[in-house]
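Participant: Return a 3D structure for these sequence lines:
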Amino acid sequence: MTRIPRVLTVAVAGTVLTALLSTLVSVILASPASAAPLVPPSQDPFYTTSRPLAHVAPGTELKTRVVGLAYGDKRFPATATQILYRTTDQFGAPTAAVTSIIEPLTPGPRKIISYHSPYDALGSQCDPSYALRGGNTGRGPEFDDLTIGTLLAQGYTVVAPDYEGVKMRWTMGRESAQTALDSLRAAERHLHAPASTPVGLFGYSGGSVPTGFAADLASTYAPELNIIAVAAGGVIVNPAHNLPYVNGSTQWAGVIPALMNVYNDVFDLGIQRYLSPKGTTILAQTQGKCLIDFATKYPGLTDAQLLQPQYPSLLDVPGIPAAFNQNIMGLKGKPRSPVFLGVGNVDGTGDGIMIDADVAGLATHYCREGVPTQYKTYPKLSHFEAFIPWAADAERFLADRFAGRPAGYCSGIPTGNALTPLPTA
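Facilitator: So this is what the prediction gives:
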């Protein structure tokens, strides 16, 4: 499998978690790649279609190919099926996206995990479908390596959508959710899997967006899918809360101009007229980049520095409050299946970018709506550090739900922050 088919030993909460990927021994035997250099998605005709989509059902397969898996210049003796499929954007218009289906090496009943990579990107060169083939996204072996490898070893079929779609709509909740749900539709049809096939949703950080919103919207958008468990970690619940938290951050301030680019592109805000000269320069620098190219590049940056003096905050820019309100998790729809939510808390507020009280508030909201919900905070751990223990807990949570084991829910959860939209003019 891509990137991390290996034995991983990590210390978690005073114990040692050993993930022995014995079923992936053949995958470990990687050899230098001999194939021609990859074509990035922006130049790859597989990612486009001339077919009119208005009357094509969501989840319909438009193109299919089998691709080799690789990490950098190392290829693995395993393959994935990639599908270009029809989906629906943030505003209800038809569009297309690519998903990758990776089947386990071990036989057994079909069980599917929709794995949502935290690729957090403004450029298609960051797409999971490209990274899985050995494309250079600028990222080191981390989240995807650990998670996809261990999920395959546990017998899951992994479906990994490019959930930002071909328009790279990072953090857009409805579009990310619909793209992920249609990815599952396309995958199940391709695999001839019955509608009863159990499905789990799994996503951390940016991947929490399609995970949480897909859980919220599945009952109305894709009610035929048998989603039995949802695990979201490092969750972005309300972007209006995250903005002041990362203002001036040494590690995460670069997400501010990147998000300004995305919101401007998606909602046509004409943001250039509100920018300071510094804002014009930095937004141009982050356009079309991967997370690794912008997150830590502007230590101490604030939104006020990017704007003209009459706009002291991004929240004062016309159109931003209404746009942010569209991306508050939990406000539209509710999950039909048990949910596990987790987040680090390194400083008493959150993990450096995600806010503990927001995640607790989302869990409280779900519990009040009758959704079986578990919540866990990881004290003294930052966003990256919390991933390892959260992933271990999430995998156990999913395994228990797939096995039908009982669990306790909605116990000891702090009230947290309310899911309150911003006032709009």
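
Participant: So, low pLDDT: which residues of the chain?
Facilitator: Within the chain, the stretches with pLDDT under 70 are 1-36, 72, 137-143, 145.

Participant: Kindly list the longest strand within it.
Facilitator: Longest strand of the chain, by residue count under DSSP state E: strand 74-88.

Participant: Alpha carbons of that strand, as CSV, please.
Facilitator: C-alpha atoms of strand 74-88 as CSV (Å, rounded to 0.1, in the frame of the first residue of the first chain):
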residue,chain,number,x,y,z
LYS,A,74,9.1,3.4,-4.8
ARG,A,75,6.4,1.4,-6.4
PHE,A,76,4.4,-1.3,-4.7
PRO,A,77,3.0,-4.6,-6.1
ALA,A,78,-0.6,-3.4,-5.4
THR,A,79,-3.1,-1.5,-7.4
ALA,A,80,-6.1,0.7,-6.9
THR,A,81,-9.1,1.4,-9.1
GLN,A,82,-9.7,5.0,-9.7
ILE,A,83,-13.1,6.3,-10.8
LEU,A,84,-14.2,9.7,-12.2
TYR,A,85,-17.8,10.1,-11.1
ARG,A,86,-20.6,12.6,-11.1
THR,A,87,-21.3,14.4,-7.9
THR,A,88,-22.9,17.7,-6.7
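
Participant: Next, name the residue at the spatial heart of the chain.
Facilitator: Centre of the chain computed as the mean C-alpha position; nearest residue by C-alpha atoms, centre = their mean is Gly207, 1.4 Å away.

Participant: hey, what's the nearest residue to that residue once chain neighbours are set aside bridged with?
Facilitator: Closest residue to Gly207 apart from its sequence neighbours, by C-beta to C-beta, 6 or more residues apart in numbering: His116 at 3.4 Å. The way it works is simple: take the backbone N, C-alpha and C, and place the C-beta from them, glycine included. Following DSSP bridges, His116 is listed with bridge partners Gly203.

Participant: one step back: how far away is the residue nearest to the centre of the chain from Val39?
Facilitator: The spacing between Gly207 and Val39, counted by C-beta to C-beta, to the nearest Å, is 25 Å.

Participant: quick revisit: who does the longest strand of the chain pair up with?
Facilitator: When DSSP bridges is applied, strand 74-88 pairs with strand 31-32 (antiparallel), strand 61-71 (antiparallel), strand 94-102 (antiparallel).

Participant: Name the residues of that strand that are buried.
Facilitator: Residues of strand 74-88 classed as buried: 75-76, 78, 80-88 (neighbour count, 16 or more other C-beta atoms under 10 Å).

Participant: residue boundaries of the helices in the protein?
Facilitator: With DSSP state H as the criterion, the chain has helices at 25-28, 128-131, 143-153, 173-191, 208-221, 239-246, 255-267, 277-286, 291-294, 303-306, 320-325, 356-368, 383-403.

Participant: Any chance of TSV for the ones you listed, columns mean neighbour count and distance to Ala57?
Facilitator: Converted to TSV, the helices of the chain look like this (neighbours: other C-beta atoms under 10 Å; distance: least, C-beta to C-beta, whole Å):
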stretch	mean neighbour count	distance to Ala57
helix 25-28	14	35
helix 128-131	26	22
helix 143-153	23	28
helix 173-191	26	9
helix 208-221	26	12
helix 239-246	20	31
helix 255-267	23	24
helix 277-286	17	36
helix 291-294	20	33
helix 303-306	21	41
helix 320-325	20	29
helix 356-368	24	30
helix 383-403	20	28
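
Participant: Which among those helices is found nearest to Ala231?
Facilitator: Among the helices of the chain, helix 383-403 comes nearest to Ala231, with 3.7 Å by C-beta to C-beta.

Participant: orientation of the closest one relative to helix 208-221 in degrees?
Facilitator: Angle of helix 383-403 versus helix 208-221, following axes from the mean of the first three to the mean of the last three C-alpha atoms, to 10 degrees, is 30 degrees.

Participant: helices and strands around helix 383-403, which ones?
Facilitator: Using 3 or more C-beta pairs under 8 Å, 6 or more residues apart in numbering; DSSP states H and E, the elements in contact with helix 383-403 are strand 8-12, helix 143-153, strand 198-204, strand 226-233, strand 339-345, strand 373-379.

Participant: nearest to Arg401, of the ones you listed?
Facilitator: Of all the helices and strands packed on helix 383-403, strand 226-233 sits nearest to Arg401, with 3.6 Å by C-beta to C-beta.

Participant: What about the residue nearest to Gly207, how many residues nearby?
Facilitator: If you count neighbours by other C-beta atoms under 10 Å, His116 ends up with 31.

Participant: same thing with the one 3 residues further on?
Facilitator: Residues within reach of Tyr119, counting by other C-beta under 10 Å, total 26.

Participant: now do Thr420
Facilitator: With other C-beta under 10 Å as criterion, Thr420 counts 13.

Participant: For it, grab phi and psi.
Facilitator: phi -100, psi 120 (degrees, to the nearest 10).

Participant: Distance of it relative to Ile328?
Facilitator: Thr420 is 8 Å from Ile328, where distance means C-beta to C-beta.

Participant: swap in Pro299?
Facilitator: With C-beta to C-beta as the criterion, Pro299 and Ile328 are 28 Å apart.

Participant: Show me which of the two is the more surrounded one.
Facilitator: Ile328 (22 against 12).

Participant: Sounds good, over and out.
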